[in-house]
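> A predicted structure for the sequence below; I have some questions about it.
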Amino acid sequence: MTLDIKKAIKKPGSLRKALGIKKGKTIPAKMLNAAAKKKGKIGQKARFAKTLKGFKKSWRKKYQVEKKEKD
């Protein structure tokens, strides 16, 4: 089984927008955990974001899924 993350992320930034976070800012872990407990699409996207966050940096670099850095 191969992972095609680019196809899995259909609407980049939609979780951030739904949570009211400004573009370019990171989603705080506390807010991400709270969103992951919700039902529906927001909860689904938050749980997927937590999964991607747990991947190794080498994997993120290979598939160009980058973690945003704080300024």
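The structure has been received and is ready for your questions. Here the structure is a predicted model, which is why all the values come from computation and not from measurement. Residues are numbered from 1 along each chain as shown.
> which strands and helices sit next to the helix or strand encompassing residue 30?
Under the criterion of DSSP states H and E, residue 30 resides in helix 29-36. Contacts defined by 3 or more Cβ pairs under 8 Å, 6 or more residues apart in numbering; DSSP states H and E place helix 29-36 against helix 40-53. Backbone N, C-alpha and C define where each C-beta goes, glycine included.
> could you check the angle helix 29-36 makes with the helix it packs on?
130 degrees (axes from the mean of the first three to the mean of the last three Cα atoms, to 10 degrees).
> Over helix 40-53, what's the mean pLDDT, rounded is fine.
Averaged over helix 40-53, pLDDT sits at 88.
> Give me the helices and strands touching it, please.
helix 14-18, helix 29-36.
> Any chance of these in CSV with distance to residue 4, mean pLDDT and mean neighbour count as columns?
Output for the helices and strands packed on helix 40-53, formatted as CSV (distance: least, Cβ to Cβ, whole Å; pLDDT from 0 to 100; neighbours: other Cβ atoms under 10 Å):
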stretch, distance to residue 4, mean pLDDT, mean neighbour count
helix 14-18, 18, 89, 16
helix 29-36, 22, 90, 14
